[in-house]
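Q: Structure of the sequence below:
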Amino acid sequence: MTLQELENQILALLPKEKAAIIQSLTQSINIGAKGITKIPGVCGGEACIAGTRIAVWLLVEARRLGITEVQLLQDYPHISAADLVNAWIYADAYPQEIEAAISANEVA
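A: Got it, this is the predicted structure:
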């Protein structure tokens with residue numbers, strides 16, 4: 001299979017399928033990226049950077065408020081730029097879930 005054939009196949013996928021491929025590739029390239037997990041009982045079962053209690057919705061909301069990736073990495077020194085990429089990919093793949101979590105936490 002040529003690179004062009006592979007690209008054409010990837011472009012024909014659904015958005016969620018593309019996001020899953022991107023996340024997988026990002027994790028394989030960026031050693032140290034923790035990925036995203038959802039564990040019942042940890043952060044209310046919200047999607048978090050694996051091995052942390054940093055919720056994806058929290059990072060998305062911080063970015064919306066104008067906090068830069070550089071500042072996020074300074075504020076959370078135990079995560080990497082690849083972890084942020086994973087968070088953005090997850091947020092893009094599951095926008096309704098992230099919006100619901102942001103809304104729920106605004107009320108709380």
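Q: For the chain, which element, helix or strand, carries the lowest mean pLDDT?
A: helix 15-29 (a mean of 72; mean pLDDT, DSSP states H and E).
Q: measure Ile49 to Ile39 for me?
A: According to Cβ to Cβ, to the nearest Å, Ile49 stands 12 Å off from Ile39. The C-beta positions use only the backbone N, C-alpha and C, and glycine is treated the same way.
Q: list the residues that contact both of these two?
A: By Cβ atoms under 8 Å, 6 or more residues apart in numbering, Ile49 and Ile39 have no common neighbours.
Q: Let's verify the residue nearest in space to the middle of the chain: helix, strand, or coil?
A: The chain has Ala87 as the residue nearest its centroid, 1.6 Å off, counting by Cα atoms, centre = their mean. State at Ala87, reduced to three classes by DSSP: H, G, I helix; E, B strand; the rest coil: helix.
Q: Pairing partners for the nearest residue to Tyr90 once chain neighbours are set aside in the sheet, please.
A: Of all residues not flanking Tyr90 in the chain, Ile36 sits nearest, at 4.6 Å (Cβ to Cβ, 6 or more residues apart in numbering). With DSSP bridges as the criterion, Ile36 is bridged to Ile49.
Q: check contacts around Ile36.
A: Ile36 is in contact with Gln23, Ala47, Cys48, Ile49, Ala50, Val56, Asn86, Ala87, Tyr90, counting by Cβ under 8 Å, 6+ apart.
Q: can you rerun that using 6 Å?
A: Going by Cβ atoms under 6 Å, 6 or more residues apart in numbering, Ile36 touches Ala47, Asn86, Tyr90.
Q: Contacts only, for the residue nearest to the centre of the chain.
A: Per Cβ under 6 Å, 6+ apart, neighbours of Ala87: Val56, Leu59.
Q: what about Glu5, neighbour count?
A: By other Cβ atoms under 10 Å, the residues close to Glu5 number 9.
Q: so where do the helices sit in the protein?
A: 3-11, 15-29, 56-64, 69-75, 81-93, 95-107 (DSSP state H).
Q: Could you say which of those is packed most deeply?
A: helix 81-93 (a mean of 21; mean count of other Cβ atoms under 10 Å).
Q: Send over it as CSV, restricted to the C-alpha atoms.
A: C-alpha atoms of helix 81-93 as CSV (Å, rounded to 0.1, in the frame of the first residue of the first chain):
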residue,chain,number,x,y,z
ALA,A,81,2.9,18.4,25.5
ALA,A,82,1.9,15.0,24.1
ASP,A,83,-0.6,14.6,27.0
LEU,A,84,-2.2,17.9,25.9
VAL,A,85,-2.3,16.7,22.3
ASN,A,86,-4.2,13.6,23.6
ALA,A,87,-6.5,15.8,25.5
TRP,A,88,-7.3,18.0,22.5
ILE,A,89,-7.8,14.9,20.3
TYR,A,90,-10.2,13.4,22.9
ALA,A,91,-12.1,16.7,23.2
ASP,A,92,-12.5,16.9,19.4
ALA,A,93,-13.7,13.3,19.2
